[in-house]
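A.B. asks: sequence? don't have it. structure:
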């Protein structure tokens with residue numbers, strides 16, 4: 001979802017913001033962003049998901065995950081992540097030495113801002129996933145969960161301005177999404193936040209990236225609602241013979257062919273959108289004919 005993308009962009013690319021977030025979580029007072037060593041797993045994919053943020057400060061290895069849905073399996077995901085991070089940080093040959101190794105102590109945090117109700121703070125435990133849990137399991141991993149929806153955890157929000165403003169931005173998107181499709185709600189929320197000095201510099205810089213991701217990262221319910229609205233406004237009939245069922249098919253085709261910028265243009269230009277549909281339909285017919293002849 002667009003929220004995960006914004007969260008990663010916001011904190012991964014701004015060490016000061018990430019340090020403020022760390023201090024707010026841990027009630028610490030580190031003041032040098034260069035003390036952070038960011039080591040997020042960029043290319044390692046587990047079960048179709050990526051690690052959001054991981055970094056080292058002092059003797060601590062921190063894994064931060066953002067979620068728009070409840071996720072009781074988060075401890076298992078974090079187990080994969082931390083194992084991979086350790087394998088990157090430690091020489092394999094060191095494992096067989098007779099002397100004790102010093103390793104970073106891991107900490108796991110999940111930030112939740114979905115629509116389902118959740119308490120301000122809670123924990124997920126790996127042992128809760130065991131089929132037959134013993135009283136004292138040999139392997140445990142605990143993830144601390146913070147609800148960062150607007151109005152939740154005010155002390156945390158007051159200690160980290162970027163997190164508070166992120167929460168306000170998401171709330172504004174939801175407000176607009178109640179009366180318009182998501183592809184319109186997000187740009188409108190961006191404009192509002194820029195005007196009201198909420199994540200202003202970040203949103204000015206990342207505006208196109210955020211809008212682009214928002215088009216490809218709907219959750220299923222919002223996606224179907226938004227597509228129906230786009231189809232109604234543009235007069236695109238679902239079920240039209242040899243037609244296109246929805247805009248996602250078109251946008252995916254454009255993205256795959258290096259034409260993602262055309263998506264942004266089509267948002268504000270219905271004539272251009274119609275031209276793109278016509279071009280895509282022609283391409284589909286051409287490929288169908290080629291397949292039949294072969």
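C.D. replies: Perfect, I can see it now. If you're wondering where the values come from, they're calculated on a predicted model, not measured in any experiment.

A.B. asks: Is residue 212 in contact with residue 260, as I believe?
C.D. replies: Yes. Judged on C-beta atoms under 8 Å, residue 212 makes contact with residue 260 at a distance of 6.0 Å. (Each C-beta comes from the backbone N, C-alpha and C, glycine too.)

A.B. asks: Give me the more crowded residue out of the two.
C.D. replies: residue 212 (19 against 15; other C-beta atoms under 10 Å).

A.B. asks: can you tell me the helix or strand for that one?
C.D. replies: Per DSSP states H and E, residue 212 falls inside helix 200-216.

A.B. asks: and after the helix or strand bottoming out on mean pLDDT in the chain, which helix or strand comes next?
C.D. replies: Every helix and strand of the chain was ranked by mean pLDDT, DSSP states H and E. The lowest is helix 220-234, at a mean of 50. As assigned by DSSP H and E, the chain's next helix or strand after helix 220-234 is helix 247-256.

A.B. asks: by contact count, what packs against that following helix?
C.D. replies: helix 200-216, helix 220-234, helix 260-268, helix 270-293 (3 or more C-beta pairs under 8 Å, 6 or more residues apart in numbering; DSSP states H and E).

A.B. asks: who are the neighbours in contact with the closest residue in space to residue 58 that isn't next to it in sequence?
C.D. replies: With sequence-adjacent residues excluded and distances taken as C-beta to C-beta, 6 or more residues apart in numbering, residue 58 is closest to residue 35, at 7.2 Å. Applying C-beta atoms under 8 Å, 6 or more residues apart in numbering, we find residue 35 in contact with 19, 57, 58.

A.B. asks: Distance of the last one relative to residue 94?
C.D. replies: To tie it back to what came earlier, the one meant is residue 58. Separation of residue 58 from residue 94 (C-beta to C-beta, to the nearest Å): 21 Å.

A.B. asks: hang on, the earlier thing: please enumerate the shared neighbours of residue 212 and residue 260.
C.D. replies: With C-beta under 8 Å, 6+ apart, residue 212 and residue 260 have no common neighbours.

A.B. asks: Need the pLDDT of the closest residue in space to residue 193 that isn't next to it in sequence.
C.D. replies: Of all residues not flanking residue 193 in the chain, residue 169 sits nearest, at 5.2 Å (C-beta to C-beta, 6+ apart). Per-residue confidence at residue 169 stands at 96 (pLDDT).

A.B. asks: what about residue 169, which helix or strand?
C.D. replies: Per DSSP H and E, residue 169 falls inside helix 161-177.

A.B. asks: With residue 63 instead?
C.D. replies: For residue 63, the host element (DSSP H and E) is strand 60-67.

A.B. asks: Can you check what angle separates that strand from helix 161-177?
C.D. replies: 10 degrees (axes from the mean of the first three to the mean of the last three C-alpha atoms, to 10 degrees).
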